[in-house]
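J.: Provide a 3D model corresponding to the input given below.
(4 chains, ligands or ions: 4)
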2 protein chains.
Amino acid sequence: MELTKSMEDYLESIYILKKQKRYVRIKDIVEKFNIAAASVTEAMLKLSKKNLVEHEKYGYIDLTEKGMEEARRVYSRHKILYKFLKNILLVSEGNSENDACEMEHIISKESYEKLVKFCDFVNKDTDTSSLLDKFHNSIDSKEGSCNDNGGDKMKNKRLNELKLGETGIILKIEGDKKLRKRLMDMGMLPGTDVKIVKVAPLGDPIEMKIKGFHLTIRKEDAKNILIED
Amino acid sequence: MELTKSMEDYLESIYILKKQKRYVRIKDIVEKFNIAAASVTEAMLKLSKKNLVEHEKYGYIDLTEKGMEEARRVYSRHKILYKFLKNILLVSEGNSENDACEMEHIISKESYEKLVKFCDFVNKDTDTSSLLDKFHNSIDSKEGSCNDNGGDKMKNKRLNELKLGETGIILKIEGDKKLRKRLMDMGMLPGTDVKIVKVAPLGDPIEMKIKGFHLTIRKEDAKNILIED
DNA sequence: TAAACTTATTAGGTGAGCCAAAATAGGAGG
DNA sequence: CCTCCTATTTTGGCTCACCTAATAAGTTTA
Ligand SMILES: [Mn+2]
Ligand SMILES: [Mn+2]
Ligand SMILES: [Mn+2]
Ligand SMILES: [Mn+2]
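T.: Ligands and ions are numbered 1, 2, ... in the order given. Here you go, the predicted model:
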């Protein structure tokens, strides 16, 4: 059917308002969104034409069967996103609410379903709660970048993994002090842009352009240079 | 500065294209977004005026310092969202990519930062990997609704918790067989809408409207009825 | 070097989603 | 039933982000 974000929000708000007010009118939506009444009237007209709401002039607003269905689809996404942000990531009330109400319109069916499963799992599995606690404790203390050399999945590229012509930004130099100093003396400082300009047959040595000049290093050394991809 | 979604996408795409192509031109962006060339020209003009890109007529496109900064801000959100969807939720490549590139524009700073920490935690903590595996295994087999009575956090409301005038949808009836049968014979089936129309002093009994008629039940029984809020 | 092709720009439009101001309808009280 | 006041609708306008068609610049190619 292809509803726009704003149409979805109107439907959702009517759905929520009806839970509390029995009768929903233009004014209620105006107040909820802090929007001009003219805009709401216009929107209701459009939704009526699409058979999603019933609204007679100067009267009450109601969702049709179809409108109710759409509203519920949107609201279920809102809820799960809110719960994930608020209860798992511990995002503040306000940001959880806002982010959820934006993301609800764009999240794919698959992501939505997987997120439902994830929350479900976290809720049911007893082992998880302690781990979640651990995470929640760590949240305040930890630095958190997801950009250093963590586990298996989600690891950053290393310089030797860049292909010919590719560019990257140096993130971190590893290895022993001596090597680190040598590399850094050559100009390889975190934040610097590099571009691979030549690679020998077996990937060794590697020639790159950095700060305007060319530099050649051994593959073994390149492995110590983390690249922000 | 307030960049629109489309401006952010243009900046991000220029940033990404420059990693592979050194020179970015209108045509590259046209191909990337499958959009009319006129639209891209127009967008570059607007971005130039905002001092985010440099672009002389018929020439190459470059990010300014400011543009680079914005592009990186957007792209870092893209990456973390992608990683979360793809590697933690196991969402397909395509949906992870699309969802990430939509959400990157709307996620709050706080949610972004918490998500980074979360991914970081999952990556670093060894206990988590096994648990994550467990989740990944469960993903195919489980039903998953996040809407039944799970743990402490994220629990659903029960009928007795609805306030006067509020409405809800029956999700599930709990309690022993006999009670369940009795309630369901009265019309309380999952999916049914209920609305609280009267509540006695101490919340007992509760009168509700359901399928057009009124029904009164004891608070003790109402506790067994889960409501989708 | 002029025609042919590719790429980019200009000009003129469209629809979504908002707004302010003016016009109207409905309801409450005299 | 007339008068106010509030809620709603109508009207006309605006910005954003697209589009098509016409034109112009740049690049090959014969
Ligand atoms: Mn929303
Ligand atoms: Mn919402
Ligand atoms: Mn994007
Ligand atoms: Mn993106």
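
J.: use CA for all of it now, contacts and neighbours both
T.: OK.

J.: Confidence-wise, which helix or strand of chain A is lowest on average?
T.: helix A:126-141 (a mean of 70; mean pLDDT, DSSP states H and E).

J.: Show me what the helix or strand following that one is packed against.
T.: Heading C-terminal from helix A:126-141, the first helix or strand you meet, by DSSP states H and E, is strand A:157-158. Contact analysis of strand A:157-158 by 3 or more Cα pairs under 8 Å, 6 or more residues apart in numbering or on different chains; DSSP states H and E lists strand A:225-228 as its packing neighbours.

J.: The host helix or strand of residue A:79 and ligand 1, any residue contact?
T.: Per DSSP H and E, residue A:79 falls inside helix A:65-83. No: using Cα under 5 Å from the ion, helix A:65-83 never reaches ligand 1; the gap is at least 7.4 Å.

J.: State the mean pLDDT of that helix.
T.: Across helix A:65-83, pLDDT averages out at 96.

J.: same deal with stretch A:159-168?
T.: In this model, stretch A:159-168 carries a mean pLDDT of 82.

J.: is it anywhere near chain B?
T.: Yes: Stretch A:159-168 lies within reach of chain B by Cα under 8 Å from any Cα of the partner chain, at A:165, A:166, A:167, A:168.

J.: possible to save those residues as JSON lines with neighbour count?
T.: Formatted as JSON lines, the residues of stretch A:159-168 next to chain B follow (neighbours: other Cα atoms under 10 Å in any protein chain shown):
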{"residue": "A:165", "neighbour count": "17"}
{"residue": "A:166", "neighbour count": "17"}
{"residue": "A:167", "neighbour count": "26"}
{"residue": "A:168", "neighbour count": "22"}
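
J.: In strands only, show me those.
T.: The members of the residues of stretch A:159-168 next to chain B that map onto strands under DSSP state E are A:167, A:168.

J.: Between the residues of stretch A:159-168 next to chain B, which sits nearest residue A:135?
T.: Each of the residues of stretch A:159-168 next to chain B was scored against residue A:135 by Cα to Cα, and residue A:168 proved nearest at 31.3 Å.

J.: Please report how far that closest one lies from residue A:210.
T.: The gap separating residue A:168 from residue A:210 is 10 Å, by Cα to Cα, to the nearest Å.

J.: Quick check: neighbours shared by these two?
T.: The contact sets of residue A:168 and residue A:210 overlap at A:193, A:194, A:195 (Cα atoms under 8 Å, 6 or more residues apart in numbering or on different chains).

J.: For the first one, give me the pLDDT.
T.: Which is residue A:193. Listed pLDDT for residue A:193 reads 78.

J.: how close does it sit to residue B:16?
T.: Counting by Cα to Cα, the gap from residue A:193 to residue B:16 is 13 Å.

J.: picking up where we left off before, the helix holding residue A:79: which residues count as buried?
T.: Within helix A:65-83, the residues scored as buried using 16 or more other Cα atoms under 10 Å in any protein chain shown are A:67-68, A:70-72, A:74-83.

J.: try stretch A:58-66
T.: Neighbour-count burial for stretch A:58-66, counted by 16+ other Cα under 10 Å, picks out A:61, A:62, A:63.

J.: Over to stretch A:175-193?
T.: Neighbour-count burial for stretch A:175-193 flags A:180, A:183, A:188, A:189, A:190, A:193 (criterion: 16+ other Cα under 10 Å).
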